Each structure stands twice: as C-alpha cells, then as structure tokens.
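J.: any chance you could fold what I've pasted below:
(2 chains)
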There are 2 protein chains.
Amino acid sequence: MVKEKNVGTTKLASQPTIKRLPSYLHVIEAAQREGKEYISGTLIAEELGLEPIQVRKDLAVTGIVGKPRIGFPVNNLIRAIYTFLQWDRDNRAVVVGAGNLGTALMGYREFNRRGMSIVAAFDLDKKKIGKKMHETEVFSLGQISEKLKELRADIAILTVPSSHAQAVTDLLVKAGIRAIWNFTNIKIKVPKYVIVQKEDLSSGYAVLSVKMRLLAAVS
Amino acid sequence: MVKEKNVGTTKLASQPTIKRLPSYLHVIEAAQREGKEYISGTLIAEELGLEPIQVRKDLAVTGIVGKPRIGFPVNNLIRAIYTFLQWDRDNRAVVVGAGNLGTALMGYREFNRRGMSIVAAFDLDKKKIGKKMHETEVFSLGQISEKLKELRADIAILTVPSSHAQAVTDLLVKAGIRAIWNFTNIKIKVPKYVIVQKEDLSSGYAVLSVKMRLLAAVS
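T.: Next comes the predicted model:
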C-alpha cells in the first residue's frame, strides 16, 4: 500500500483566512452554548459582516464541509479549528518585558482558553523581578535561558521598549526560542529557523482612519 | 469648466493594503533619517519580506508613483501616506476602560506620532477616577457625554471587560461617538453611522500557531 503524502488537516491557508478563524470560533462557540448542533455559513457570515462564500472558503481549510441547507456540525467544526491552529496543545509562552502591554497580555484570559499558557515573564526592572502579575512570576532577563528550558516554553511575547528589541531578540535566539510574537515597532532580525509574527497596533488604527475618512466623504 | 469628480487622494484601497501602510512608513522614515531622498520599492519589499510588485501596488493608493531605477521620493511619500490615512490631522481619542490594556495603549507613543491624541480615559473604578495615567486623566464613565464634547474626541478605544462591552458601546453611541476601536472579544452592535474597527489579538496568535506547525512539518 502506498502511503499518502497527505498531512491530514495541514492544508495551506492564506493569512487573512487564518486571521479570521478566531472570530469564527467566537460565533460557533456561541451557537454551541445555545445547544445548536449545526450552524450555517450564512449565519456566521451575517454575524461577522462577511460574504457567505468567504466563510465557506475559509472554513474549508479545516477539512469540515457544511451540508446544504443544514450547515456545519458545531462540535466537529470547533474541534477542527482547534486542531488546525494547534490550539488543542499546550502552547507554552513567556512574556518578555513586563510593562503595561506585557502585563495586559498576561491577564488576557482569551489566550488561556486558546491553548496558550503564559508560564513566566522577564524584565530588567528589579522592582518587578520576583513579583507575580496575573499569577505569572517575573524573572530577571538573565535567567531566561535556564527558565525557558525548565518551563519548556517555545514562544516569546516580546513587549520590551523598541530600543531593546533586537538585543533581547538575540538573547532569546541564543536561549533556543522557536517563535517570537513581536509587539515592538522594530522589524527584528532572526535566523531562518525562528518564527516571527509582528503585531502592529497601528495597522488597526490605519484601517479605522480610512473608514472614518470614507464615512465623512459620503455624509 | 466642468469640475472633476475626483476626490484627490481618496482612492479605494483594500484592507490588507491599508494595514501594511504603517510598516511602510517605518521603513521610509528610517530612510529619511539616513538623509535619503529616494527609496526603491525593492528595498522596502526586502526590508519587510514582501514582493516588490505588492509594495508598488500598495503605495499607488497614495497617488505617489516611483521613478524607474530611482524609486519613490521619500519626503513626498511620507506626506502622502499621512494624508491618505488622515494622520496629518488631530485625531482625538478617549480610552474607555483604564485597565492594563487601556493603560498600555495610553502609553503607546507610536499613536501620538501618528496623529492620535488620547485626551481622556474613562473607568468605573473610583480608585482610578481623578488619577492620571501616562499624563491622561481618568474620568468617571458617567461623565463621558459631557467630556467627549468638551474635548472634541470622536474615537473611543474600547478596552472594558467583554461583559460590559455592549452596554458601554450604547453609552458611547448616545454620547455621539463617531468611531469605536474595539479591543473586546464581543462583536458590538452600533448604528450604521458609527464606525467599528475590531482588534483581535487572537488573530496574530492564530497566524503564529500555523507558522509553527508548518515549520515543524518541514524540519
């Protein structure tokens, strides 16, 4: 028997599709809480202000196909999205930079529900080191290498001041980090085997600004 | 003479294009600091890990066209992006919900550089009311209507707990807010004339998770 090269649910998906999956999850979980067994793509589309065809195309990446006139099976779809995103695993992260944003992210319960445990935080400030923030202990940046191994964390949420971003990144890479979620303004440089996801809060502000301009133009 | 219906730089742009403009701005401003007069689309593309054709297409929305073999005029391009996004104006915002995330956003200097002044914050917590956070005064939520008018703010950055999101939104709409930047998990309901931009921190986490899965699959 020839083994298929298929890697299960590992289909290719575009970044906009992946970015929409968490909002689908919110809507589908709400249906689950209401005891619904099926949810239609049209309903999901209405709830989120999207086109039904877009919703069906996006959800196809999970491998779950909706039935005509019935919709998607709620429980299976939720499970499939979790599997697709690997949110069914224990994704262990550390917050590097325990300032306001870092602290806010430590307290963001949504991450926890989505399989991410924030197992430690790191900072340079001696007043913070040794304290707990949202039940997460803050360690000295110097301990990062040892702590990453001990806590088996492979994601770093980078919330240091931009001026420190590259130096701290180098430290993280040396310590064997696998993925960096970069909340700084700097495009950090890393070796090819390290994943970086840049979060740019100004992007949302840009979209908001353009929407306001367009609204002003028509009103 | 017939007046043209052209509305200047108000071209239509896709959301992904708009979202990329702030990162272009970072690269182009770095070139400006280095005293460069021109910057090539290829260089911008390299810096950001994008295709040159994408960069040229995106930047076309600003109305600035690059010269072959020379590139885009740095100063004009920066000015055109600011104008396109209306970041050359005084965009007055308030933060509603002075928790960790709200406080982090008040201290996010990038917004200030991009034309957004956070002129006030609102909270229910009496311990916070009357205090200043990052030089922004916190008022009682009950004062919001009066304060929005007094401070001429039309953007609300919504960082209240999700359970309060809709009730606070209704309050904001009554108070005459024009745009809401929604950092809660809830899809808030507003009248058609109010703009909502939803920020979903889980979207970035989703992309990071898929990238990690793909990397694990090839290594």
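
J.: after the helix or strand harbouring residue A:103 comes which helix or strand?
T.: Take DSSP states H and E as the rule and residue A:103 turns out to sit in helix A:100-106. Using DSSP H and E, the next helix or strand after helix A:100-106 towards the C-terminus is helix A:109-113.

J.: buried residues in that following helix, which are they?
T.: A:110-111 (16 or more other CB atoms under 10 Å in any protein chain shown). Glycine gets a C-beta too; all of them are placed from N, C-alpha and C.

J.: and the helix or strand following that helix, anywhere near chain B?
T.: Later in the chain than helix A:109-113, the nearest helix or strand by DSSP H and E is strand A:116-123. Yes: Strand A:116-123 comes into contact with chain B (CB under 8 Å from any CB of the partner chain), by way of residue A:116.

J.: can you list the helices and strands that the following helix or strand past strand A:116-123 packs against?
T.: Sequence order places strand A:132-133 as the next helix or strand after strand A:116-123, per DSSP H and E. In terms of contacts (3 or more CB pairs under 8 Å, 6 or more residues apart in numbering or on different chains; DSSP states H and E), strand A:132-133 is packed against no helix or strand at all.

J.: how's chain A carved up into domains?
T.: A:15-85, A:91-202 (automatic domain parsing).

J.: distance from the longest one to the middle of the chain?
T.: In other words, domain A:91-202. 14 Å (CA atoms, centre = their mean, to the nearest Å).

J.: pull out the buried positions in the helix or strand where residue A:46 lies.
T.: For residue A:46, the host element (DSSP H and E) is helix A:41-48. Going by neighbour count (16+ other CB under 10 Å), the buried part of helix A:41-48 is A:41, A:43-45, A:47-48.

J.: for stretch A:55-72, same thing?
T.: Buried residues in stretch A:55-72, counted by 16+ other CB under 10 Å: A:55-56, A:58-59, A:61-62, A:64, A:66, A:71-72.

J.: sorry, back to before: what comes into contact with the helix holding residue A:46?
T.: Outside helix A:41-48, the residues within contact range by CB atoms under 8 Å, 6 or more residues apart in numbering or on different chains are A:20, A:23-24, A:27-28, A:31, A:50-52, A:54-56, A:59, A:66, A:71-72, B:187.

J.: avg pLDDT for that helix?
T.: For helix A:41-48, mean pLDDT rounds to 93.

J.: check stretch A:106-117 too.
T.: On average, stretch A:106-117 scores 89.

J.: which residues are contacting that stretch?
T.: If you take CB under 8 Å, 6+ apart as the criterion, stretch A:106-117 is touched by A:22, A:82, A:85-93, A:95, A:98, A:105, A:118, A:121, A:133-134, A:136, A:155, B:99-101, B:185, B:201-202, B:205.

J.: spell out the residue ranges of the strands in chain A.
T.: A:38-39, A:72-73, A:91-96, A:116-123, A:132-133, A:136-140, A:155-158, A:179-182, A:195-198 (DSSP state E).

J.: packing partners of the second one?
T.: When contacts are defined as 3+ CB pairs under 8 Å, 6+ apart, strand A:72-73 sits against strand A:38-39.

J.: quick one: distance of the strand it packs on to the chain centre.
T.: 25 Å.

J.: strand partners (parallel or antiparallel) of that strand?
T.: strand A:72-73 (antiparallel) (DSSP bridges).

J.: who's in contact with the strand it pairs with?
T.: Residues contacting strand A:72-73 (CB under 8 Å, 6+ apart): A:28, A:37-41, A:59, A:64-66.

J.: can you redo those as JSON lines with distance to residue A:218?
T.: Shown next, in JSON lines, are the contacts of strand A:72-73 (distance: CB to CB, whole Å):
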{"residue": "A:28", "distance to residue A:218": "34"}
{"residue": "A:37", "distance to residue A:218": "42"}
{"residue": "A:38", "distance to residue A:218": "38"}
{"residue": "A:39", "distance to residue A:218": "34"}
{"residue": "A:40", "distance to residue A:218": "32"}
{"residue": "A:41", "distance to residue A:218": "30"}
{"residue": "A:59", "distance to residue A:218": "33"}
{"residue": "A:64", "distance to residue A:218": "39"}
{"residue": "A:65", "distance to residue A:218": "39"}
{"residue": "A:66", "distance to residue A:218": "35"}
